[in-house]
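J.: task: produce atomic coordinates for the following.
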Amino acid sequence: MSIRFLTTALIVGALAWPAASLSAAEKKPKKEEAGPMKLLVFSKTKGFRHDSIEVGVETVKKLGKDNGFMVDATEDSALFTVEVLKNYKVVMFLNTTGDVLDDTQQKVFEEYIRIGNGYVGVHSASDTEYDWPFYGQLVGAYFAGHPDQQKAKLLVVDKKHPATAHLPDMWERFDEWYNFKKAPEGVNVLIKIDEKSYNPGGTAMGDNHPMCWYHTIDAGRSFYTASGHTKESYADPLFQQHLLGGIMYVSGLLDKPDPKNKKKK
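T.: Next comes the predicted model:
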């Protein structure tokens, strides 16, 4: 299947709500919403480029089709304008790397988040925009390094979130495991990695090694998962549901109380 990438011209269309994969009890659509939620997948790279980007985009599009939201994909940073972003409730940074937005686009995206929209960061989204303080707060932590790809044990420390409710307490999987410059602060950690279960390399973090978290910035919501390097990740039903839960949380379609992070300036 070829990937349809959005260009500077908006793609406009209507999409009927299909039968959702999530249960009716779990879904809490906002009453004021007149149509399906729209998500923009952004996968521009100015550094390393993951060969899993294309399959990742197709996976998110399939999640949208199966769960009643619309998905567009782009690598065109010129779309980060008020006029374009107002059409989307969520922007996903899917394996982005490097400096992908200019100063004007950064200001637009910061305001977009602060007024109540959602951000999902996947894997190397944390290897992006090192010189933009707001983005550092939004993603939660910056990439420091990684060992060879290998199997490791993930410890699910919060199963009340839609991104983790379906996971086992110990989730063993193969991926590229990131170490961060420092552990995220002021976030709600969902998953940690057991460094004793694999070789973490020279930038090991020890016992406090989060791999997935969420938080709020003003009225906006952020979700980050460090998984998602390999193509195989996107074929894993557990990982697909993990991504879906993050999307639904930041969109507001599935709510999760956030007592630690009501407002952050």
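J.: CA atoms for contacts and neighbours, from now on please.
T.: Will do.
J.: check the gap between G245 and Y224 for me.
T.: For G245, the distance to Y224 under the criterion Cα to Cα, to the nearest Å works out to 11 Å.
J.: higher neighbour count, these two?
T.: When neighbours are counted by other Cα atoms under 10 Å, G245 and Y224 differ, and Y224 comes out ahead with 27 against 23.
J.: which SS class is that one?
T.: Taking DSSP: H, G, I helix; E, B strand; the rest coil as the rule, one finds Y224 in the strand state.
J.: so where's the stretch 1-150 of the chain shaky on pLDDT?
T.: Using pLDDT under 70 as the threshold, the predicted model of the stretch 1-150 of the chain has low-confidence ranges 1-34.
J.: tell me the confidence at the residue lying closest to Q150 once chain neighbours are set aside?
T.: If the residues on either side of it in the chain are set aside, Q150 comes closest to F174, at 5.3 Å by Cα to Cα, 6 or more residues apart in numbering. On the pLDDT scale, F174 is placed at 98.
J.: the helix or strand hosting F174: how far from the chain's middle?
T.: Secondary structure from DSSP states H and E places F174 in strand 170-175. The gap between the average C-alpha position of strand 170-175 and the chain average comes to 18 Å, counting by Cα atoms, centre = their mean, to the nearest Å.
J.: direction included, what does that strand pair against?
T.: In the sheet containing strand 170-175, the strands it pairs with under DSSP bridges are strand 150-156 (antiparallel).
J.: output the strand it pairs with as PDB, restricted to C-alpha atoms.
T.: C-alpha atoms of strand 150-156 as PDB (Å, rounded to 0.1, in the frame of the first residue of the first chain):
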ATOM      1  CA  GLN A 150      17.800  -6.700  22.100                       C
ATOM      2  CA  LYS A 151      15.000  -8.200  24.100                       C
ATOM      3  CA  ALA A 152      14.300  -6.600  27.500                       C
ATOM      4  CA  LYS A 153      11.700  -6.600  30.200                       C
ATOM      5  CA  LEU A 154       9.400  -3.600  30.500                       C
ATOM      6  CA  LEU A 155       7.700  -3.100  33.900                       C
ATOM      7  CA  VAL A 156       4.200  -1.600  33.600                       C
END
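J.: buried stuff in it?
T.: A152, K153, L154, L155, V156 (16 or more other Cα atoms under 10 Å).
J.: who touches that strand?
T.: The set of residues that contact strand 150-156 without belonging to it, under Cα atoms under 8 Å, 6 or more residues apart in numbering, is 164, 167-177, 190-195, 197-198.
J.: and with 6 Å instead?
T.: Strand 150-156 has contacts (Cα atoms under 6 Å, 6 or more residues apart in numbering) with 169-175, 191-194, 197-198.
J.: quick one: which of those residues is nearest G220?
T.: G220 lies nearest to I191 out of these, by Cα to Cα, at 21.3 Å.
J.: quick one: the strands in this protein, in order.
T.: Assigned by DSSP state E, the chain shows strands spanning 38-42, 70-74, 90-94, 118-122, 143-145, 150-156, 170-175, 179-180, 188-193, 210-217, 220-225.
J.: quick one: these as JSON lines, columns for distance to E54 too.
T.: Written out in JSON lines, the entries for those read as follows (distance: least, Cα to Cα, whole Å):
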{"stretch": "strand 38-42", "distance to E54": "11"}
{"stretch": "strand 70-74", "distance to E54": "10"}
{"stretch": "strand 90-94", "distance to E54": "10"}
{"stretch": "strand 118-122", "distance to E54": "13"}
{"stretch": "strand 143-145", "distance to E54": "22"}
{"stretch": "strand 150-156", "distance to E54": "22"}
{"stretch": "strand 170-175", "distance to E54": "17"}
{"stretch": "strand 179-180", "distance to E54": "24"}
{"stretch": "strand 188-193", "distance to E54": "26"}
{"stretch": "strand 210-217", "distance to E54": "22"}
{"stretch": "strand 220-225", "distance to E54": "18"}
